Structures are given as C-alpha cells and as structure tokens.
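Chemist: This is the structure alone, sequence omitted:
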C-alpha cells in the first residue's frame, strides 16, 4: 500500500470528506476504489468510494461507503490514507509514491536499504530510510537518481560525497 494523503475536513451534512492528496491527477480516484484509512498505527481499515470529485489540484471531496453523517466523518479527520499500488499505476507512471519498498542503491556505498516512505516537502520529494539505526531523508532529485527499476525493485542513486556522513554525524550529536 502507498500513503497518498490525509483526510483534512468534513464537507456538507452527509458525511463527505475532504482528502488532501499528493497524486498529480485530478481524476485518479474512482467509484468503488478502496481507500485504507489508518485508524491506529498499523491498522488500515478499507472504505469504498461512492463518489469523488476534485475540489482543486490537491484535494478531493469523497463520499465513502458507511460514512453517512458528519459525526461518522469527524472520526476520520486527521487520519492518513493509503491506496493499493494498482490504483495509482494507471495515473502515475513515475511517481515516487510507487518507490516505497524499493531498495535504494548508491553508486559508491551500495545498498542503503529499503525506502520506507516518501513525502513531498513543497515541490521536493524525499525518501525516508533507516541507515545505521537512524532515520534519514534522502532528496529525490533528478541529479541524484541514476535509474529506477520498479520491476526489479531498486532505485539507483549517485549521492554527493559526504551527504550521508554529514547527516548521520549530525544525528549522532
């Protein structure tokens, strides 16, 4: 599963929700798609989409099955939302969202480990990895990325010399 956003508000009186997302397509969400809402850490509950429409580039107004009142909807506000990868494959061929779980391999250092998560900070994508027991955020910029092979599950990078050392040294202090 891929984390695609968060429920940020209720909408109207019938239990509709505002989903803030990072998918670069207005019409990616379809009727009967399953959204997995993280009710508690590691507990993703499926909700099926009854309707979805783009509110703007970054938000969808969604009506979910079994969420029919404002009270039901309020319980989901602030929760992270995930989808199965196949929902995104039709709209996002190159998105870093599909790189979660892939092994990051540096040209000099070799395997750095699996990409645990990706996030967007403004226009910049970051990959979250754990290296030497420490959380590390690696910028996913074109200058660093050598190759992405989803089929063979790796992202090959050429990170600037010292980038990881500086980060890990600062984390150790």
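Modeler: Alright, I've got the coordinates. Note that this is a predicted model, so its numbers are computed, not measured. Numbers count the residues shown, from 1 in each chain.
Chemist: ok, residue 9 to residue 45 distance?
Modeler: Distance of residue 9 to residue 45, computed by C-beta to C-beta, to the nearest Å: 19 Å. Backbone N, C-alpha and C define where each C-beta goes, glycine included.
Chemist: what does residue 138 give?
Modeler: In this view, residue 138 and residue 45 are 31 Å apart by C-beta to C-beta.
Chemist: Show me which of these two is the more surrounded one.
Modeler: Shown here are residue 138 and residue 45; by other C-beta atoms under 10 Å, residue 138 has more neighbours (23 against 13).
Chemist: Tell me where the model's unsure across this structure.
Modeler: Residues of the chain that meet the criterion pLDDT under 70 lie in 89-94, 166-173.
Chemist: and residue 78, helix, strand or coil?
Modeler: Judged by DSSP: H, G, I helix; E, B strand; the rest coil, the three-state class of residue 78 is coil.
Chemist: quick one, what contacts it?
Modeler: Neighbouring residues of residue 78 by C-beta atoms under 8 Å, 6 or more residues apart in numbering: 6-8.
Chemist: Out of those, grab the one that's most surrounded.
Modeler: residue 7 (25 neighbours).
Chemist: Now stretch 40-53: buried residues?
Modeler: 44, 47, 49-50, 52 (16 or more other C-beta atoms under 10 Å).
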